[in-house]
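Chemist: quick one, fold the following:
(2 chains)
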Amino acid sequence: MQVDVLWKAGILTLAVFVAGIGIGVWLDDQRVAQVQSQLTDIDLQWNDARLMSLYYQQRAAFDGTFCTSALEANMGFNDRIYKQGLEIDRFEQVNRFAPELLQAKKRYAMLQLQFWLNSIALKQACNASYSTVVYFYNHYDQNIAAQQRAQSEVLTELKNKCGADMLLVPLPLDLGISTISMIAAQYNVTGAPNLLVNEKYVFNGLTGKSTLQQLLPCSS
Amino acid sequence: MPQAALIDVAYLVFALISLYMSFLFLLLWNRNRSQLRASPVSVALPSISVLVPAYNEERTITGTLEALRCQDYPKDKLNVIVIDDGSTDRTADVVRQFGGVILLKKPNGGKASALNVGLAAADGEMVACVDSDSRPAPDSLRKIIPFFSDPKVAAVTTSIFIREPKNLIQRLQRIEYIMIVWARKLLEFLDSIYVTPGPLSVYRTSVLRKVGGFDEKNLTEDIEIAWRLMHAGYAIKMATDAEVDTAAPYTFKNWWRQRMRWNIGGIQTTVKYRHTLFRRGFGALGTFVIPFFAASYIISMLGLFVFAYIIVKSLADFVMFSLATLGAGANPVHAFELILMPDVFTIFGVLIFLLSLVWIRISLKAVHKPIGGLRSIPDLLLYLVLYITVFPINLFQSSIRFITVRDHDWTRYSSVA
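Modeler: Residues are numbered from 1 along each chain as shown, chains lettered A, B, ... in the order given. Sure, this is the predicted structure:
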């Protein structure tokens, strides 16, 4: 009986298995690094936009030139972090070994939060007419996954229809970001999915397209 | 442990065992490829009693008896005994038309009991068991005998191929049998040939009687006798160049029944010999054969569990999402995107698939049996993607049947085409 072949096969298997796990970890790390790098870029872009606002605020000169470029930059920023969010979601589905993606998710949520607060300020300062839709969701709760995905689908369709007239801000309720928890408590947001439209209207549970369309007049 | 993590662990265990099996066989082949068709030095030809158990085989037994009549073996050293196991058709009449064939009749009791009746009546030094739908090649007996030059060898088995496949299910079985030939010969180098299949296997008569003949309660008497011989310290070899062709189930239903019988018989035999697990004194039976069976069972069930979970969960998620989205007035159709990003599971999945392709390629080349060139590629893909994935479902049902049914009746799993 060629017993040594049993051992050799075992060693070869272990070597290949460990190499496979190693490559898997490396791929996960690459994805995390890519996301972190892109978030840093967005962070810089965001700081740049914020500094511009501060400058004009100091000069008390929110003129038309400022508003046009600020609103355009704000919308571009929204598109960029929205796409980043989709990419993080895709990576989360395939990453097995890199928990650091959670940190990226938190950074992303904080950027969304800053974007939302800036959008409110810009809306007032520049008398803009766009609507803001804050979408509160749970990252961890799999029991409401179907409802949340359905809500995302509704909001995506509305966003595609409304374009620049609607700003979409997804915020996770369960990632331990205290500002989000505080805001949710203030608006009596108790669960997910949950919507806050124009900082005024709160919808608990899955909200249909027709209900939202009544509040979101879209020109496009 | 969360569900997703459990699935991940199950998949990694599945990958680990699959990789081990693949590398084991590839290493065995790499070391022993020059020995695959080697044959020991010829010895004097012993007398052989050929036992042909038959139950309602009027359509096929003629071919078997003609093939035995054409054996290139001294006629004075060969006798053929057909044991009619209570056939209700014209099997006995067909046999009587052949001269020089001994016909024994008995009440229906299953193949093992028929073989035991034949064994009691056999007077050859060797006993060859041949299924009544199999046709040994004319030189098969001559090619088998040299392997008995080693006194420790109690049984020798052969290369079994499917005869003239007529439809897809038979073509898939043809591929399967070719791969089994290659794998079984490689197991010989681990002293672990775990079955002496019914189409054609030859035994030392004295040893077969010494160990008590065939187990009449076992659905796979060919697996059980092989394990019994190993348990008693004997060796089993394979004469690769000795060929026999056999009929394969023609319908999916018959194929399914046949595989249930094999699986239940395999489980019966594993349970019967479980006391040898990892214990010395029983040769490779406890140190390799039973762990090999157990590992195969584990991979099958793990694979089935993971696959079923993924399919059922995906379907459930899809239904729930679609209902929720439609209820909310949106369109669910474009919501699904294929995520084509490599991860550790993709790596192992691709590796195992590639190793399977290598395995198929090597076995087809090693066994020298053409299967139709480029035209066989769809069959090969179906074999890899569909045929193999059905086995675990059959094994699962067999496991349930094994646990819930008290007495297993051979005829319930009869796969007569």
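
Chemist: would you mark the buried spots in the helix or strand B:Ala10 falls within?
Modeler: B:Ala10 is part of helix B:3-32 when elements are defined by DSSP states H and E. Burial within helix B:3-32, assessed by neighbour count using 16 or more other CB atoms under 10 Å in any protein chain shown, is assigned to B:7-8, B:10-12, B:14-29, B:32. Heads up, the C-betas are built off the backbone N, CA and C, glycines and all.

Chemist: quick one: name whatever helix or strand follows it.
Modeler: From helix B:3-32 onward toward the C-terminus, using DSSP H and E, the following helix or strand is strand B:48-54.

Chemist: could I have that following strand exported to PDB, CA atoms only?
Modeler: What follows is strand B:48-54 as a C-alpha-only set of coordinates in PDB (Å, rounded to 0.1, in the frame of the first residue of the first chain):
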ATOM      1  CA  ILE B  48     -13.300 -22.000 -13.500                       C
ATOM      2  CA  SER B  49     -16.900 -22.300 -12.700                       C
ATOM      3  CA  VAL B  50     -18.800 -19.400 -14.200                       C
ATOM      4  CA  LEU B  51     -21.900 -18.400 -12.200                       C
ATOM      5  CA  VAL B  52     -24.600 -16.500 -14.000                       C
ATOM      6  CA  PRO B  53     -27.500 -15.500 -11.600                       C
ATOM      7  CA  ALA B  54     -30.600 -14.600 -13.600                       C
END
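
Chemist: helices or strands up against that strand?
Modeler: Using 3 or more CB pairs under 8 Å, 6 or more residues apart in numbering or on different chains; DSSP states H and E, the elements in contact with strand B:48-54 are helix B:61-69, strand B:78-84, helix B:111-121, strand B:126-129.

Chemist: close to chain B: what parts of chain A are there?
Modeler: Applying CB under 8 Å from any CB of the partner chain, we find that chain A lies next to chain B at A:1-2, A:5-6, A:8-10, A:12-13, A:16-17, A:20-21, A:23-25, A:27-28, A:31, A:90-91, A:93-97, A:145-147, A:149-151, A:153-154, A:157, A:206-210.

Chemist: the longest strand along chain B pairs with which strands?
Modeler: In chain B, assigned by DSSP state E, the strand with the most residues is strand B:235-246. The pairing partners recorded for strand B:235-246 under DSSP bridges are strand B:134-136 (antiparallel), strand B:153-162 (parallel).

Chemist: out of those strands, which comes closest to B:Phe278?
Modeler: strand B:153-162 (23.5 Å; CB to CB).

Chemist: any idea which helix or strand comes after that closest one?
Modeler: helix B:168-188.

Chemist: tally of neighbours for residue 33?
Modeler: Went with chain A since none was named. 13 (other CB atoms under 10 Å in any protein chain shown).

Chemist: not quite, go with chain B.
Modeler: 12.

Chemist: which residue packs closest to it, ignoring adjacent ones?
Modeler: The shortest distance from B:Arg33 to any non-neighbouring residue, by CB to CB, 6 or more residues apart in numbering or on different chains, is to B:Ala366 (7.2 Å).

Chemist: same deal with A:Glu87?
Modeler: Using CB to CB, 6+ apart, the closest residue to A:Glu87 is A:Val35 (6.8 Å).

Chemist: where does the stretch 201-350 of chain B dip in pLDDT?
Modeler: Counting by pLDDT under 70, the stretch 201-350 of chain B contains low-confidence ranges at B:334-340.

Chemist: for chain A, what is the nearest residue in it?
Modeler: B:Val344 (2.6 Å; CB to the nearest CB).

Chemist: other SSEs contacting the longest helix anywhere in chain A?
Modeler: Assignment by DSSP state H gives helix A:3-58 as the longest helix of chain A. Under the contact criterion of 3+ CB pairs under 8 Å, 6+ apart, helix A:3-58 touches helix A:64-94, helix A:101-126, helix B:3-32, helix B:344-367.

Chemist: worst-scoring helix or strand of chain A, pLDDT-wise?
Modeler: The helix or strand of chain A with the poorest confidence is helix A:64-94; it has a mean of 81 (mean pLDDT, DSSP states H and E).

Chemist: just how off-centre is it within its chain?
Modeler: Between the centre of helix A:64-94 and the centre of its chain there are 9 Å (CA atoms, centre = their mean, to the nearest Å).

Chemist: can you tell me the residue of chain A closest to chain B?
Modeler: Closest point on chain A to chain B, by CB to the nearest CB, is A:Gly24, at 2.6 Å.

Chemist: quick one: residues contacting the nearest residue to that residue once chain neighbours are set aside.
Modeler: What sits nearest to A:Gly24 in space, not counting adjacent residues and going by CB to CB, 6+ apart, is B:Val344, at 2.6 Å. Contacts for B:Val344 (CB atoms under 8 Å, 6 or more residues apart in numbering or on different chains) come out as A:Gly20, A:Ile21, A:Ile23, A:Gly24, A:Val25, A:Leu27, A:Arg96, A:Phe97.

Chemist: and chain A, what are its domains?
Modeler: Following automatic domain parsing, chain A resolves into domains at A:1-128, A:129-220.

Chemist: most packed of these?
Modeler: Highest mean neighbour count of the domains of chain A: domain A:129-220, a mean of 17 (counted as mean count of other CB atoms under 10 Å in any protein chain shown).

Chemist: pLDDT of it, averaged?
Modeler: Domain A:129-220 shows a mean pLDDT of 89.

Chemist: for chain B, what lies in contact range of chain A?
Modeler: For chain B, the contact set with chain A under CB under 8 Å from any CB comprises B:8, B:15-16, B:19-20, B:23-24, B:27-28, B:31-32, B:189-192, B:283-284, B:288, B:317, B:320-321, B:323-325, B:327-332, B:335, B:339, B:341-345, B:347-348, B:351.

Chemist: out of those, which end up buried?
Modeler: Buried, going by 16+ other CB under 10 Å: B:8, B:15-16, B:19-20, B:23-24, B:27-28, B:32, B:189-192, B:283-284, B:288, B:321, B:324-325, B:328-330, B:332, B:335, B:343-345, B:347-348, B:351, out of the residues of chain B next to chain A.

Chemist: centroid-nearest residue for chain A?
Modeler: Centrality entry for chain A: nearest residue to the mean C-alpha point is A:Gly85, 4.2 Å, by CA atoms, centre = their mean.

Chemist: my read: that one touches A:Arg107, true?
Modeler: No. Using CB atoms under 8 Å, A:Gly85 is not in contact with A:Arg107; the gap is 11.0 Å.

Chemist: can you tell me, leaving aside adjacent residues, what's nearest to the residue nearest to the centre of chain A?
Modeler: Distances taken as CB to CB, 6+ apart put A:Tyr108 closest to A:Gly85, at 5.7 Å, once the chain neighbours are dropped.
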